[in-house]
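fold the following.
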Amino acid sequence: MCNSNSLSPVWRELKRLQSTDELFEILSPQSFKWNIGKGTQILFWYDIWVGVSKLRDQFPALFRLSGKKNEHIADMVIFSENGLMWWDIGILFPLNEYEDLQYQMLMSLLRNFKVDLYKEDEVQWTHSLEKVSSVAEGVRVMVKSHIDFEFDRVKVVWNKLVPSKISTFHWLAIQGGIPVKEVLSYRNCLNNSSDDKCAWCLDHIESIDHILLHYSWSHKVWTGLFKWWNIFWVVPSNVLEFSVDWSNGMGIKAEKVWKLIGSATFWAIWLARNEVIFNGSYTCWAVIVSRIKLKVFQWLVNAKVCESFQLYVWSDHPWLLLQSPSFDMF
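I've put the predicted structure just below:
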């Protein structure tokens, strides 16, 4: 659900928390349903109103071909003089056989939905017993489900050894607030909606999770860090999951140092991405790994956890430094 302007401040805050593990089951996007009226508040491709997922995810081929990526439902319908309604999803190019099949499937689904020009759009929480969701209903379900509201993201992100701008960036990444192209497109800050592709691969939409975790170049950076510590790990699907697992040390008993590496890596990948976009400069992933090692080592030296002459040990055998008495006091 992308458009929450019609919700009360309390419900907007609850929806903000929906990505946490504790609240996901009852506050996930699948727990909200749009009842269509005028269609002026519901984003055609990005909001969940047909089935249990976004139309852009159900029909990715059609989404790529559409010239109306950020429009509301009201902008995707045409009314004739006699009141008949049909859908115009803005297909820009001829469809191949597979795309035409997808188009027919989508049109079949849309026949079940009509725009009512005299009725406002309504968002309904599917766990509510009433047609209109209320704060009381939210509390009722959460108490019944024994939901724990506490999710301490502060411990996941903030660290006194990490510069505040880097911690702030990590925090914003978890909140979905850094200006990747997907976010800028949603805010109508791009000249062309087709400009939302990743500057590195020029294929996938530039989302926060894609840039920081899943793009092949970024994945090589993370793999290089894993090899540095002789561990194996499957990267989670999103930045929040990743940050929680990472901050817990992933079982390597080096949580305090490990937290520093995670924040430093997010920041280094972001700076490398900006170099590509603004300067057209591409940096080898191995160089980024070396920069991350140096940056975290500088933080440890500033905290008097280790001495500057130990850099070569840190770069090649970090476990040896963890055995020193200074790390016991860290």
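
distance of the residue lying farthest from the centre of the chain from Tyr282?
Each residue of the chain has a distance to the centre, and by Cα atoms, centre = their mean the biggest one is for Asn82: 43.9 Å. Distance of Asn82 to Tyr282, computed by Cβ to Cβ, to the nearest Å: 57 Å. Where you see a C-beta, it was placed from the backbone N, CA and C, and this is true even at glycine.

show me the domain layout of the chain.
Domain segmentation of the chain under automatic domain parsing yields 9-144, 153-328.

any chance of those domains in CSV with mean pLDDT as columns?
Shown next, in CSV, are the domains of the chain (pLDDT from 0 to 100):
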stretch, mean pLDDT
domain 9-144, 75
domain 153-328, 85
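
contacts for the longest helix that the chain contains, please.
Identified as the longest helix of the chain according to DSSP state H is helix 255-274. For helix 255-274, the external contacting residues (Cβ atoms under 8 Å, 6 or more residues apart in numbering) are 157, 159, 161-162, 166-167, 169-170, 173, 178, 199-200, 211-212, 218, 221-222, 225, 239, 242-243, 246-250, 252, 283, 288, 291-292, 295-296, 299-300, 318, 322, 327, 330.

of the residues you listed, which qualify as buried by neighbour count?
Listed as buried from these are 157, 159, 161-162, 166-167, 169-170, 173, 178, 199-200, 211-212, 218, 221-222, 225, 239, 242-243, 246-247, 250, 288, 291-292, 295-296, 299-300, 318, 322; burial here means 16 or more other Cβ atoms under 10 Å.

okay, strands next: where are they in the chain?
32-35, 77-79, 85-87, 122-125 (DSSP state E).

and the ones you listed as TSV, adding mean neighbour count and distance to Asn230?
As requested, the strands of the chain are exported to TSV (neighbours: other Cβ atoms under 10 Å; distance: least, Cβ to Cβ, whole Å):
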stretch	mean neighbour count	distance to Asn230
strand 32-35	18	44
strand 77-79	13	58
strand 85-87	14	55
strand 122-125	18	47
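
same list, those, but as CSV with distance to Trp45 please.
Output for the strands of the chain, formatted as CSV (distance: least, Cβ to Cβ, whole Å):
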stretch, distance to Trp45
strand 32-35, 13
strand 77-79, 14
strand 85-87, 13
strand 122-125, 17
